[in-house]
Each structure stands twice: as structure tokens, then as C-alpha cells.
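>>> the following block contains a protein sequence and its predicted model.
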Amino acid sequence: MLLLVLGKGKTGSQVAQVARERGHSVRVLDWRENAGASALTAPTVAQVDVVLDFTTPDAAVENMRACLALGARIVVGTTGWYDRLSEMKALAIRRGGALLYGTNFSLGVQELFKLTSDVARLKGYSFHIEETHHTSKLDAPSGTALTLKTILQEAQPDATVEISSKREGDASGVHVLTARSENDLVELRHESFNRRGFAEGAVRAAEWVCGKSGVWEFREIFDKV
């Protein structure tokens, strides 16, 4: 496959490296080369099997709009843009493109989501989520923390779920879910040691979505990649 990676930051660069290791051809564009999605023209996108976005929330929306309007396939690892999700879904369906998005492409985090679904059934517990990321992460709380909260409140709509966010150094990501009652405490923890786990999941997602049309959240299909 020919993959186009948008974003030359630490995660985007890792995605490109993993893709090459898995035998794919890769092009990478930074924000200067793709300001306002200017590089995502019909001739350029037509040559690419899947686009992967690891940019910023505003840039991701511009990139999705450009790609999906052309019926292209895009995997979005950027978070902080979900207030535009309905718009992007509608565009993908209308134009016959493919949108695969996720708050976290780490397969370990996907298991954390599954375990959280089990913990969410506990009655008489209060829930707290603590997330820690690097200082350059723009959105807070993290998309992963918000997904954890959504899972808890899907099971218990009236549950109060507090989120604490920390930004420290170059931390790749730590998420801790605590369920506390008068009698005991249950804790789930996921810590990323580096960005490679995110990158591997994103590349496997691109491999899965190639040739497909539709809209998916990564946690719906992660066990198929």
C-alpha cells in the first residue's frame, strides 16, 4: 500500500517508521507542506491507498474534509475535534469515503476499554480517572479519558465521573481508572512506555480499512486488525 502520513511530530514519524517496517510505501507531509489541507488535491489523494492524520484538531478537520470530499480513506489518530464528528461522518457516507477514528490506537488501551465496561457495572462505587501526557498535548482531558468516562456513563448514566489531567515532560500516556466504595477499591491502569503501540495500531487500522467505505471507531473493530 501507499500511505500518506499527515504530521511529522513524534507520533506521525513513528507511524511512518512502522509502516515502512511492515512493507508499505510512505509519504509524509508536515503542516508547512499541507497548510489548510492544500496538498490534498484530487491527483495526490488518488495515488494514495489510505491517509493517516496525526496533526492538530483544527488541521485534522481540514484534512478530513478534503480527503472525504474526494471519497478517500482516512485514519485519524488526532483527538480534540469530536464536536465535528457528525459532520465528518455525513461527508464520508455521502461521498463514499472511509473514516476510521479513535481516541487511542494502542491495542493495550482497547483492552482497558473492555475492562472498564466490566467495572462500569459495579453498583455503589464512585469513579475517578487520572490521565498524564506530555506537555505538548493540546487537548485536556485526553480523548482516551473521555472515552473511559463515556463507557462508565453508558452503563450508569447518573454516575459522577471525575477526570484529573496532568501534563508532564515527554510522558507518552498514563491512564488510571479508580472505582471506590465504602468497602474496597478497584484500579485499572494503562501506561504507554513509548509511541510505538499507538503507531502499530494505526498502521494496522490503515491496513484493515483499505478498500472499504464507511465510518468506524477503532474500538469497534480493533480485534479484527
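Yes, it's here.
>>> I'd like to know how far the residue nearest to G108 when sequence neighbours are not counted sits from F127.
What sits nearest to G108 in space, not counting adjacent residues and going by CB to CB, 6 or more residues apart in numbering, is H190, at 5.7 Å. For the C-beta atoms, the positions are set from N, CA and C on the backbone; glycine is no exception. From H190 across to F127, the span is 16 Å (CB to CB, to the nearest Å).
>>> on that earlier part again, pairing partners for the one helix or strand the residue nearest to G108 maps to, with directions?
Using DSSP states H and E, H190 sits in strand 185-191. Using DSSP bridges, strand 185-191 pairs in its sheet with strand 174-180 (antiparallel).
>>> just the mean pLDDT for the partner strand, thanks.
Taken as a whole, strand 174-180 has an average pLDDT of 97.
>>> pull that strand out as PDB, backbone CA atoms only.
What follows is strand 174-180, C-alpha atoms only, in PDB (Å, rounded to 0.1, in the frame of the first residue of the first chain):
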ATOM      1  CA  VAL A 174      -0.800   7.100  31.600                       C
ATOM      2  CA  HIS A 175      -4.500   6.400  32.400                       C
ATOM      3  CA  VAL A 176      -5.700   5.200  35.800                       C
ATOM      4  CA  LEU A 177      -9.300   4.400  36.500                       C
ATOM      5  CA  THR A 178     -10.300   4.100  40.100                       C
ATOM      6  CA  ALA A 179     -13.600   2.700  41.400                       C
ATOM      7  CA  ARG A 180     -14.100   3.200  45.100                       C
END
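>>> who's in contact with that strand?
Residues from elsewhere that reach strand 174-180 (CB atoms under 8 Å, 6 or more residues apart in numbering): 109, 112, 116, 119, 122, 125-133, 142, 144-145, 148, 185-192.
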